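Novice: predicted structure and sequence below. I'll ask about it afterward.
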Amino acid sequence: MKFITKTVFILILLNLALLLGCKKPDPTPSTDSDTSSASDDAVAETVISDIESVGAEAAENQGSLTNFKTVSSSALSLANCATVTISNKIITVDFGTSPCLCNDGRSRSGKLIYDFSASNPSTAIRYRNPGFNMKVSSQNYTVDGYSVTITSKEVKNTSPLTLPSGINPGTNLTWSINSNISVIKPGTNAGTITRITSYTKELLNTNDSSCYRGQSKSIVWSLAKVKFNGNSNGVNAKGENYTNQAIDLEKDMNCSPFANKPSRHPFIKGKLNHTPGTKATRYIDYGNGTCDVNATVTINGVVYSITLQ
């Protein structure tokens, strides 16, 4: 297996004309090294994960909105330029009409709306509660210049728990996440990315009492380790259809390898198999759990080293 970093080596054909008379040499074979579709999908993945993380914190910290917006708290995203309100089991996070620079270094504007009125039982009003059901919508929402439209997004707590006793020994909190989201990509390679996702999410360290403190207290997300599995499909900015398979993608909220952006947490373990149109599958490997910004993409047996952004 060849390892190639950024530079694509093109095979040079020998000039066989002198040896084979009038026979023309075969055309130079092309190397499939296009990672633009995988990059577009990474944008959509980041947006989806970001929206879900804000909602998870909002639903966990309803009784302490001031802490939710403070840099020194366990909040992952927000800042004082965001207004958070709760009414009739609906949380509205309003970033305003001008870009709001948040704690994770991202600029946001518009509104994210989290409605958990469909939770069953009706007392399941926290993200950690079994039966919690959160539907997400948006109004003129943008993040870092990307315009986001949520056609549908629903998060359900699927944990096999019994309230109010809380966690079963050895059992992790789990959620299902289903979404249909489109992202307008700005810049030179502008276009619209759509993504339909069906994932499961698992809190890997549920039985760590410093992170999950039972049903009576909020999850400490800054200590969380989460894993995602599932499938997605969509259309990239070039108009090509694509499919994905996510296999044990893990994030550790203690891992912040980006300089000056301590609230950004990349995948550090697991694999994502991305197939754009009729092209070969791109096998993305995020590593073995080391806290870094390194990953690889394998295309037709050739491995490319990439740096996560």
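Specialist: That came through fine. Computed from a prediction, not measured in an experiment: that's the story for all the values here.

Novice: now the helices for the stretch 51-200 of the chain?
Specialist: 65-68 (DSSP state H, counting those that start in this stretch).

Novice: low-confidence bits of it, can you list those?
Specialist: 62-79, 161-170 (pLDDT under 70).

Novice: burial count for I181?
Specialist: Close neighbours of I181, defined as other Cβ atoms under 10 Å, add up to 22. C-beta here means a position set from N, CA and C on the backbone, and glycine is covered the same way.

Novice: surely it and R195 touch.
Specialist: Yes - at 5.7 Å, I181 counts as touching R195 under the criterion of Cβ atoms under 8 Å.

Novice: identify the contacts common to these two.
Specialist: 44, 48 (Cβ atoms under 8 Å, 6 or more residues apart in numbering).

Novice: and K2, what pLDDT?
Specialist: At K2, the pLDDT value in this model is 38.

Novice: now V220
Specialist: 87.

Novice: ok, it - contacts?
Specialist: V220 neighbours (Cβ under 8 Å, 6+ apart): 74, 210-213.

Novice: and the least confident of those?
Specialist: S74 (43).

Novice: which one is A82 nearest to, not counting chain neighbours?
Specialist: Distances taken as Cβ to Cβ, 6 or more residues apart in numbering place F95 nearest to A82, at 5.2 Å, with adjacent residues excluded.

Novice: residues near that neighbour, how many?
Specialist: Using other Cβ under 10 Å, F95 has 26 neighbouring residues.

Novice: from C102, how far out is it?
Specialist: Remark: distance between F95 and C102 (Cβ to Cβ, to the nearest Å) = 8 Å.

Novice: what touches both of the two?
Specialist: Listed as contacting both F95 and C102 by Cβ under 8 Å, 6+ apart are 81-82, 108.

Novice: just the buried members of these?
Specialist: Using 16 or more other Cβ atoms under 10 Å as the burial test, the shared contacts of F95 and C102 include 81-82, 108 as buried.

Novice: TSV for those, including distance to Y114?
Specialist: Putting the buried ones among the shared contacts of F95 and C102 into TSV (distance: Cβ to Cβ, whole Å) gives the following:
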residue	distance to Y114
C81	19
A82	13
R108	15
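
Novice: between those residues, which is nearest F116?
Specialist: A82 (18.9 Å; Cβ to Cβ).

Novice: tell me who's in contact with the closest one.
Specialist: 69, 93-96, 100, 102, 108.

Novice: and those residues, which of them are in strands?
Specialist: Within the contacts of A82, membership in strands is found for 93-94, 100, 108, as judged by DSSP state E.

Novice: so which of those residues comes closest to Y114?
Specialist: Set against Y114, the nearest of the ones in strands among the contacts of A82 by Cβ to Cβ is V93 (7.5 Å).

Novice: what's across from the closest one in the sheet?
Specialist: With DSSP bridges as the criterion, V93 is bridged to V84, L112.
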